[in-house]
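> next come a sequence and a model predicted from it.
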Protein chains: 4
Amino acid sequence: MAEISANKARTIIRKAMAKGEEMEFKPLSVVVLDAGGHVKAFERADGASPGRFAIAHGKAYGSIMLGIAGTAQMARAEQQAYFMAAANGVFGGNVIPVPGGVLIRDKRGAVIGAVGVTGDTSDNDLTAALAGIEAAGLVGEG
Amino acid sequence: MAEISANKARTIIRKAMAKGEEMEFKPLSVVVLDAGGHVKAFERADGASPGRFAIAHGKAYGSIMLGIAGTAQMARAEQQAYFMAAANGVFGGNVIPVPGGVLIRDKRGAVIGAVGVTGDTSDNDLTAALAGIEAAGLVGEG
Amino acid sequence: MAEISANKARTIIRKAMAKGEEMEFKPLSVVVLDAGGHVKAFERADGASPGRFAIAHGKAYGSIMLGIAGTAQMARAEQQAYFMAAANGVFGGNVIPVPGGVLIRDKRGAVIGAVGVTGDTSDNDLTAALAGIEAAGLVGEG
Amino acid sequence: MAEISANKARTIIRKAMAKGEEMEFKPLSVVVLDAGGHVKAFERADGASPGRFAIAHGKAYGSIMLGIAGTAQMARAEQQAYFMAAANGVFGGNVIPVPGGVLIRDKRGAVIGAVGVTGDTSDNDLTAALAGIEAAGLVGEG
């Protein structure tokens, strides 16, 4: 499998949203990007603030572009803030280096896309993203 | 109704996609924006080219920002190309002035969002957008 | 008088809006810039599309930066589209070269600011702008 | 009430300015944005520096986009500077994360707009913003 399908993307979004509701998180926004970092699907729950596409996208986009998920990006940002600032320079300011950006891998370990979730704490965003990816039969690396 | 809901947005996307399949259009991409031009939901069908989010978004975003749908924007661009070029300057290059950008109005005529469809000819894109909006019980202005 | 005051700016906006209502124009948006091209005051009437600040601003900003009002900018754009495109390059894409951008002059002819009006046809926008400037006891050059 | 009206916006600006004069603050600038982050009204008092529109706008815009008012944004910036820097990347550098950016809520708690005030200390800016919003019969969250 080389690329995330629209079907899988839809499942990820639906199940990540359902996890958020079940856990009583604040309204979430969930984006799915393909292996090239291009938007495949997105949804913003009612009640979420208007700028949430950009935040969700930034989490997933940075994960794809750097090949490093949000948790590891945050660790890098805390150790070496200027590196993440510089990375943002070359990626047009489109990287949000915190948990909730998750790489999706197929069974052989190849990256086939990424998920970005935003709306609650970064850790809760990550929980919802992983639940969505797992429900779609895929493996997430957060 | 002041704002397009996630539920309505999902219906619009599903039904616009279904219309495209029924009519044997090329793979479509469909975005739904709220009344402030912010992304509510998006989906790109399998087989569509990677840049389709930006095209769909540009059709819907220009419709919201200018309060003028894609067909009328195209007429203006044909009469006064420098005006649409200048409009794109102030809107960060985010306006695609062709059919397929459709305003969504509620029953009292207020704009509650916009749809952008891309993938086939502009006229076919418009057909799919209108079908989706109608299926959601709303009125489209293309 | 070297600079447009907040009082005068408020009068211009109120009277331009009143002119629009009297003439049954579509809902207008009116910006007043100072002699340096910086925003002094703005108002967007209920029912105007969300992107109207950028359009109004672009009309007034181009007038100040070039020292040429909207009507003359449009003539230049029609004769030499590449010139206005290039001007937009150096001014960051912030110039909208159509009527409705009006220079404000004091009694000695010095530019003390500019008005930008948008919402109806460019000619009607200009009519409202001139009415507002005249009501404030100033001279407009459209 | 789904959207801030021009009338309410004008009241907020007038009363925030009056509060500043009463308290002998430095000359203020006040912007009102709608729920989508688009400029509804603005005024810059005589004597304020020319760049104040951008500062006022950045305070209000960040509040809307993130759904978080200025005081809470400042706390986040102090704990996690790289996060607010990254947020500014995805929002085009348009976020000013300090007090004086205030969310406006209607009686049911829905965000209907935001106010941004600048000119004096951030805390005094916030005081003026809240006074303006209260005078308009609305609830501010600073």
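Now that the structure is in, tell me what you want to look at. Numbering: from 1, shown residues only, chains lettered A, B, ... in the order given.
> what's the burial count for residue A:75?
12 (other CB atoms under 10 Å in any protein chain shown). (Each C-beta comes from the backbone N, C-alpha and C, glycine too.)
> pretty sure it sits in a helix.
Yes. Counting by DSSP: H, G, I helix; E, B strand; the rest coil, residue A:75 is located in a helix.
> quick one: pLDDT of it?
Predicted confidence (pLDDT) for residue A:75: 97.
> got it, and residue A:107?
At residue A:107, pLDDT is 84.
> from chain C, how far out is it?
To chain C, residue A:107 is 46 Å away according to CB to the nearest CB, to the nearest Å.
> torsion angles phi and psi at that residue?
The phi/psi pair for residue A:107 (degrees, to the nearest 10) reads phi -70, psi -20.
> can you check the one 10 residues further on too?
When quoted as degrees, to the nearest 10, the phi and psi of residue A:117 stand at phi -120, psi 140.
> same question for residue A:110.
Dihedral angles of residue A:110 (phi, psi; degrees, to the nearest 10) stand at phi -80, psi 140.
> in chain A, which helix is the longest?
In chain A, assigned by DSSP state H, the helix with the most residues is helix A:6-22.
> which element is the residue lying farthest from the centre of chain A on?
Distance from the C-alpha centroid of chain A peaks at residue A:82, with 22.5 Å (CA atoms, centre = their mean). In this assignment (DSSP states H and E), residue A:82 forms part of helix A:81-90.
> quick check: mean pLDDT of that helix?
Here the average pLDDT along helix A:81-90 is 94.
> how near is the most centrally placed residue in chain A to chain B?
Residue closest to the average C-alpha location in chain A (CA atoms, centre = their mean): residue A:116, at 1.9 Å. Distance, residue A:116 to chain B, by CB to the nearest CB: 13 Å.
> check residue A:21 too.
Residue A:21 is 12 Å from chain B, by CB to the nearest CB.
> ok, residue A:118 - how many residues close by?
Around residue A:118 there are 31 residues (other CB under 10 Å).
> how about residue A:26?
Look at residue A:26: counted by other CB under 10 Å, it has 16 neighbours.
> got a list of what it touches?
Contact analysis of residue A:26 by CB atoms under 8 Å, 6 or more residues apart in numbering or on different chains lists A:20, A:47-48, A:119-120.
> so residue A:134, which of the three states?
helix.
> burial count for it?
Using other CB under 10 Å: residue A:134 sits among 15 other residues.
> ok, it - contacts?
A:15, A:140.
> one more time with 10 Å
Counting by CB atoms under 10 Å, 6 or more residues apart in numbering or on different chains, residue A:134 makes contact with A:12, A:15-16, A:19, A:140.
> ok, so of those residues, who is nearest chain D?
residue A:16 (18.9 Å; CB to the nearest CB).
> just give me the neighbour total for the closest residue to the closest one other than its chain neighbours.
Excluding the flanking residues, the one nearest residue A:16 by CB to CB, 6 or more residues apart in numbering or on different chains is residue A:132, at 3.1 Å. The local packing of residue A:132 (other CB under 10 Å) involves 30 other residues.
> list the contacts of residue A:132.
Counting by CB under 10 Å, 6+ apart, residue A:132 has contacts A:8-9, A:11-20, A:28, A:30, A:32, A:102, A:104, A:115, A:117, A:138, A:140.
> look up how far residue A:8 lies from it.
10 Å (CB to CB, to the nearest Å).
> shared neighbours, the two?
What both residue A:132 and residue A:8 touch, as defined by CB under 10 Å, 6+ apart, is the set A:32, A:104, A:138.
> let me know the closest of the residues you listed to chain D.
residue A:32 (17.3 Å).
> now do that closest one, the pLDDT please.
Residue A:32 is given a pLDDT of 98.
> quick check: closest non-adjacent residue to it.
That would be residue A:9: by CB to CB, 6+ apart, it lies 4.0 Å from residue A:32.
> one step back: inside strands: which ones of the shared contacts of residue A:132 and residue A:8?
Those of the shared contacts of residue A:132 and residue A:8 mapping onto strands are A:32, A:104, per DSSP state E.
> could you dump the shared contacts of residue A:132 and residue A:8 to a markdown table with neighbour count and distance to residue D:98?
Below are those laid out as a markdown table (neighbours: other CB atoms under 10 Å in any protein chain shown; distance: CB to CB, whole Å):
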| residue | neighbour count | distance to residue D:98 |
| --- | --- | --- |
| A:32 | 32 | 34 |
| A:104 | 30 | 37 |
| A:138 | 20 | 41 |
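> check contacts around residue A:63.
A:33, A:37, A:69-73, A:95-97, A:100-104, A:111, A:113-116, A:141-142.
> can you tell me the helix or strand for it?
Here residue A:63 is assigned to helix A:52-66, by DSSP H and E.
> related to what we said a few turns ago, only the buried subset of the contacts of residue A:26, as a ChimeraX command please.
A single ChimeraX command selects the buried members of the contacts of residue A:26 (16 or more other CB atoms under 10 Å in any protein chain shown):
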select /A:20,48,119,120
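> so which of the contacts of residue A:26 sit within strands?
Short answer: the contacts of residue A:26 have none in strands (DSSP E).
> closest to residue C:78 out of the contacts of residue A:26?
residue A:48 (45.1 Å; CB to CB).
> quick one: classify the closest residue to that closest one other than its chain neighbours as helix, strand or coil.
Among residues not flanking residue A:48 along the chain, residue A:27 sits closest, at 4.2 Å (CB to CB, 6+ apart). Three-state call for residue A:27 (three-state DSSP): coil.
> what sits closest to residue A:87 if chain neighbours are left out?
residue A:95 (5.8 Å).
> using the three-state scheme, assign that neighbour.
The three-state label given to residue A:95 by three-state DSSP is coil.
> in contact with it, which residues?
Counted by CB under 10 Å, 6+ apart, residue A:95 has contacts A:57-66, A:70, A:73, A:77, A:84-85, A:87-89, A:101, D:86, D:89-90.
> how far does the helix holding residue A:63 sit from the chain's center?
6 Å (CA atoms, centre = their mean, to the nearest Å).
> would you mind writing the CA trace of it as CSV?
Output in CSV follows, covering the C-alpha atoms of helix A:52-66 (Å, rounded to 0.1, in the frame of the first residue of the first chain):
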residue,chain,number,x,y,z
ARG,A,52,-8.0,24.8,13.6
PHE,A,53,-7.3,23.6,10.0
ALA,A,54,-4.0,25.4,10.1
ILE,A,55,-3.0,23.9,13.4
ALA,A,56,-4.0,20.3,12.5
HIS,A,57,-2.3,20.7,9.2
GLY,A,58,0.9,22.0,10.8
LYS,A,59,1.2,19.0,13.1
ALA,A,60,0.7,16.5,10.3
TYR,A,61,2.8,18.4,7.7
GLY,A,62,5.8,18.7,9.9
SER,A,63,5.6,15.0,10.7
ILE,A,64,5.7,14.1,7.0
MET,A,65,8.3,16.7,5.9
LEU,A,66,10.7,15.8,8.6
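> how many neighbouring residues does residue A:86 have?
So residue A:86, with other CB under 10 Å, has 11 neighbours.
> and it, what does it touch?
Neighbours of residue A:86 in contact, by CB under 10 Å, 6+ apart: residue A:80.
> from the contacts of residue A:134, pick the one nearest residue A:43.
Of the contacts of residue A:134, the one sitting nearest to residue A:43 (CB to CB) turns out to be residue A:16, at 9.2 Å.
> that closest one touches residue A:43, doesn't it?
Yes. Counting by CB atoms under 10 Å, residue A:43 is a contact partner of residue A:16 at 9.2 Å.
> intersection of neighbour lists for those two?
Counting by CB under 10 Å, 6+ apart, the residues touching both residue A:16 and residue A:43 are A:28-30, A:32.
> between the residues you listed, identify the one with the most neighbours.
residue A:32 (32 neighbours).
> how far away is the residue in chain A that chain C sits nearest to from chain D?
Going by CB to the nearest CB, chain C is nearest to residue A:50 of chain A, at 11.1 Å. As judged by CB to the nearest CB, residue A:50 and chain D stand 6 Å apart.
> do the same with residue A:119
From residue A:119 to chain D the distance is 9 Å (CB to the nearest CB).
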